[in-house]
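>>> structure of the sequence below:
(chains A, B, C, D, E and F)
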Protein chains: 6
Amino acid sequence: MAFEHREEHLDERMLILQANIDDMNPEYCSYITDLLFEQGANDVYWIPIIMKKGRPGVMLNVLTDESQAEKMETVIFRETTTLGLRYVRASVHRLGRTFHAVDTPWGIIHVKAGFHQGELVQFAPEFKECEHAAKTYGIPLKTVYDEVRRRFMERTGEEGKA
Amino acid sequence: MAFEHREEHLDERMLILQANIDDMNPEYCSYITDLLFEQGANDVYWIPIIMKKGRPGVMLNVLTDESQAEKMETVIFRETTTLGLRYVRASVHRLGRTFHAVDTPWGIIHVKAGFHQGELVQFAPEFKECEHAAKTYGIPLKTVYDEVRRRFMERTGEEGKA
Amino acid sequence: MAFEHREEHLDERMLILQANIDDMNPEYCSYITDLLFEQGANDVYWIPIIMKKGRPGVMLNVLTDESQAEKMETVIFRETTTLGLRYVRASVHRLGRTFHAVDTPWGIIHVKAGFHQGELVQFAPEFKECEHAAKTYGIPLKTVYDEVRRRFMERTGEEGKA
Amino acid sequence: MAFEHREEHLDERMLILQANIDDMNPEYCSYITDLLFEQGANDVYWIPIIMKKGRPGVMLNVLTDESQAEKMETVIFRETTTLGLRYVRASVHRLGRTFHAVDTPWGIIHVKAGFHQGELVQFAPEFKECEHAAKTYGIPLKTVYDEVRRRFMERTGEEGKA
Amino acid sequence: MAFEHREEHLDERMLILQANIDDMNPEYCSYITDLLFEQGANDVYWIPIIMKKGRPGVMLNVLTDESQAEKMETVIFRETTTLGLRYVRASVHRLGRTFHAVDTPWGIIHVKAGFHQGELVQFAPEFKECEHAAKTYGIPLKTVYDEVRRRFMERTGEEGKA
Amino acid sequence: MAFEHREEHLDERMLILQANIDDMNPEYCSYITDLLFEQGANDVYWIPIIMKKGRPGVMLNVLTDESQAEKMETVIFRETTTLGLRYVRASVHRLGRTFHAVDTPWGIIHVKAGFHQGELVQFAPEFKECEHAAKTYGIPLKTVYDEVRRRFMERTGEEGKA
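Below you'll find the model as predicted:
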């Protein structure tokens, strides 16, 4: 995520920027995604759609705070082939988050926990750290995830809920 | 549908709740869908999307009246893995509906008819009743649908329009 | 369909040609589809897929008799951006088909019926003729379909099965 | 596009009309798309979605100015099977556009150029004209596109940017 | 699964039955899926595809042993709208499987474990039992899964590998 | 590509390995894709599909020479959650390829050209080199592609065809 906000809160001034693209080389997509995240996009996602004449097009979606919209537009108009951009207003409700260091046979791996109205509702190992451990130690990635989850659960004390 | 409103009308205080999910076991989806409908969601639908790092993710969408949003949030935060939820405002224009009992060789099957500005524009046999008839009598489901449609059309008097 | 074979039969020498395409302008797709059908392809279909680096690519599929494969290859290599083409062997079981002229308030519209082991299992109004009637008479397309189906069912005598 | 506006501008009174459809014959889709464009829709696109009971449904989306919404509704309720329609407000930022006639070995082909804050950011050959040239002269469509692009780039003087 | 084979093995006489469907009401899909599984299909899956005229169609896929193909055909031709069916030969490599009863605060829940060349490579809690526990005890489904996994891992003794 | 074969040829001993996955965390997908390519897979692609109970699953596809199948299996069974793997035989027709160094304002960028029956039918700039140039010089990626294509076309002498 572009920002790490520890308290549960509502971001009311968000925008979803959307462009339906039916004339672009898909090789550009990963590069465009990277640029948008570098510019501070909250999220970037592509949706396969069917456009005019049955073209297998794709809809680019960028979730951003309205104060960042202009930066995103600049990237989108420079790098994609779209001649138009839709703006849809949205509010985003974000859970409170905390980070926890979990000790594993492959080193420390962090877990991000989500809190809804003060209650732990979600926890997820950090992908990059799990991937690094899997590669370094030759352990299946799914096994690293399982172990990190297991150890986090034991730390929190109750079966599956803090 | 969670409610059956006979008159054509506009629901202006609807919300579409959206969450992009790239780290959840898809086995949870049907259960989550059921819970959301039980809680009164107007509609629940999933859209396959491409997320960060090319992950084949899924976007959960819940259409609900804003007065029900909190109930939906509770389910979504408890049961899915998302740490955030988008709210997009929408109005929903609903056609007037009436129900009709159609007599068939396999018992009574109901048809829901939709009215736009007083004119019949759509009619659809009730799925559960058609499925029950197909199973009970060993008739292809598509055949049950065809027969119910044919009989409804005859009742309404004109070829295909009331 | 490229050929109209009245008897139920099995075509054993079919091929499915497949190419995963992640660097082509989707505007070319409809044109390529048309050319392939003109060259005698049995079917041409596109499947949205996720390719290397998360690219939203598309898989071109062409179903053809193996004797026609070379003609399809020529079109595919000339017109798409692919550098490779997969061939997967398939047999195709085709139902027996008959055509029926149905009299409607909007003129004659044909229905294609499918027979499995001598029994009527499927019937479908011809799209182009229904579309023409809908446009010419200002009738909803779905209504034209409903009426053609209704009249065909009445002709066949039993409710929903011949 | 339904309108050709030469200046970069923002259309603030746009609506995205959406309907989730799980009980309609997909043969109707192309016809419905055509009708909506004829009625002046800015864009019409279909998104494959997963609906109740795992049905492979489709979401119809129509982008239109709010003054045209009623015309779109009429088509949607008459021609599709939906009993409801969502309206989502959107603004649409459109780039400035100009048209250029490019001389090619296959005749004149036009290019549409897009301008963002006065700077050329995008150019695209007109599909119909390219397709016509490809068919008439037996040239691969991708080759026509390449040549039109190459000649437009040379005309604009700098490598890739005007 | 239609059969539960404890040893790792190769099923060499499998067929993938495929039909591209562009003219069927998607409401029939769940019913057809149920029937095919009842008839002994190994797997039934639907792939959204783009067909002729840009129709958002769907490809039905049925994985079955060739000895069961005729039963599947009967269902497919009776219940779907397809006039043709493709057969693609496939071998299926199935892992060895064992079942384990895991004791949880919500009763016994079973885990299916997969063995590749004698080594434990995968384990998965049984969905129906987890769903039942979640409903009965009001526990999030993901929490039930987490706890079952945690307890299975502890039983197997090593972190994540047996 | 895992191998670079300059002559047009047919690889007749290819396999497409397929697994339908409905119970895996999508975060694992990019890692699994990377491992499979490292092991020598010719191609790895994911297809969104609808599985049992309407689960939004994904089909993993790995194209590989049959001599490499065992290495791919090892990765698939260790890293994914699948308990089974389908093998579908395929032949792959690969075009002849040559590489060309194109001089641009941003350095040398290579183009891969494809030959069908001795004739140039396709050419594509190398993505990584284009991306590097775009980042280094702050040029839109699409502009780099356009310029590389333009210069390659000029070198080959005829408009769009060698």
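>>> would you mind listing what in chain A touches chain E?
Residues of chain A found near chain E (Cβ under 8 Å from any Cβ of the partner chain) are A:50, A:53-56, A:104-105, A:121, A:139-140, A:143-144, A:146-147, A:149-150, A:153-154, A:159-161. (Glycine included, C-beta is placed from N, CA and C.)
>>> please pick the buried ones from those residues.
With neighbours counted by 16 or more other Cβ atoms under 10 Å in any protein chain shown, those contain buried members at A:50, A:53-56, A:104, A:121, A:139-140, A:143-144, A:146-147, A:149-150, A:153, A:159-160.
>>> out of these, which are inside helices?
Under the assignment DSSP state H, those contribute A:Thr143, A:Val144, A:Asp146, A:Glu147, A:Arg149, A:Arg150, A:Met153 to helices.
>>> closest to B:Arg86 out of the residues you listed?
A:Arg149 (26.6 Å; Cβ to Cβ).
>>> go back to the residues of chain A next to chain E and keep what's next to chain F.
Contacts with chain F within the residues of chain A next to chain E, counted by Cβ under 8 Å from any Cβ: A:Pro140.
>>> the longest strand in chain A is where?
When every strand of chain A is counted residue by residue (DSSP state E), the longest turns out to be strand A:9-21.
>>> where does chain A come near chain D, residue by residue?
Contacts of chain A with chain D, taken as Cβ under 8 Å from any Cβ, map to A:18, A:20, A:23, A:47-52, A:54, A:57, A:59, A:73-74, A:77-78, A:81-89.
>>> just for chain A, where's the confidence low?
Scanning chain A for pLDDT under 70 picks out A:1-5, A:157-162.
>>> smallest gap between it and chain E, at which residue?
The minimum distance from chain A to chain E, using Cβ to the nearest Cβ, falls at A:Gly54 (1.8 Å).
>>> one step back: any idea of the angle the longest strand of chain A forms with strand B:9-21?
Using axes from the mean of the first three to the mean of the last three Cα atoms, to 10 degrees, the inter-axis angle of strand A:9-21 relative to strand B:9-21 is 90 degrees.
>>> contact partners for the residue lying closest to A:Leu95 once chain neighbours are set aside?
Computed as Cβ to Cβ, 6 or more residues apart in numbering or on different chains, the closest residue to A:Leu95 that is not its neighbour in sequence is A:Gly114, at 4.0 Å. Applying Cβ atoms under 8 Å, 6 or more residues apart in numbering or on different chains to A:Gly114 gives the contacts A:Leu95, A:Gly96, A:Arg97, A:Leu120, A:Val121, A:Gln122, A:Phe123, A:Ala124, B:Phe77, B:Leu83.
>>> correct me if wrong, but A:Gly114 is in a strand.
Yes: assessed by DSSP: H, G, I helix; E, B strand; the rest coil, A:Gly114 belongs to a strand.
>>> how much space separates it from chain C?
Going from A:Gly114 to chain C by Cβ to the nearest Cβ, to the nearest Å gives 25 Å.
>>> next: A:Ala69.
In terms of Cβ to the nearest Cβ, A:Ala69 sits 24 Å off from chain C.
>>> what about that residue, distance to E:Gly57?
Noted for A:Ala69: a distance of 37 Å to E:Gly57, by Cβ to Cβ, to the nearest Å.
>>> how about A:Trp106?
Separation of A:Trp106 from E:Gly57 (Cβ to Cβ) stands at 46 Å.
>>> and those two? Which one has more around it.
Counted by other Cβ atoms under 10 Å in any protein chain shown, A:Trp106 and E:Gly57 do not tie: E:Gly57 has more neighbours, with 25 against 19.
>>> for the more buried one, what are its contacts?
C:Tyr45, D:Pro26, E:Asn20, E:Ile21, E:Asp22, E:Pro48, E:Ile49, E:Ile50, E:Met51.
>>> please indicate which of these are buried?
Buried, going by 16+ other Cβ under 10 Å: C:Tyr45, D:Pro26, E:Asn20, E:Ile21, E:Asp22, E:Pro48, E:Ile49, E:Ile50, E:Met51, out of the contacts of E:Gly57.
>>> ok, so of those, who is nearest chain B?
Nearest to chain B out of these is E:Pro48 (Cβ to the nearest Cβ; 8.0 Å).
>>> residue of chain A closest to chain C, please.
For chain A, Cβ to the nearest Cβ, closest residue to chain C: A:Pro48, 3.9 Å.
>>> so which strand or helix has that residue?
Assigned by DSSP states H and E, A:Pro48 belongs to strand A:43-50.
>>> counting by contacts, list what that strand packs against.
helix A:28-38, strand A:56-65, strand B:43-50, strand B:56-65, strand D:43-50 (3 or more Cβ pairs under 8 Å, 6 or more residues apart in numbering or on different chains; DSSP states H and E).
>>> and the second one, how far out from the chain's middle?
This points to strand A:56-65. Averaging C-alpha positions (Cα atoms, centre = their mean, to the nearest Å) puts strand A:56-65 14 Å from its chain's average.
>>> the helix or strand following that strand: how far from the chain's middle?
Downstream of strand A:56-65, the first helix or strand assigned by DSSP H and E is helix A:69-79. Chain-centre distance of helix A:69-79: 19 Å, with Cα atoms, centre = their mean.
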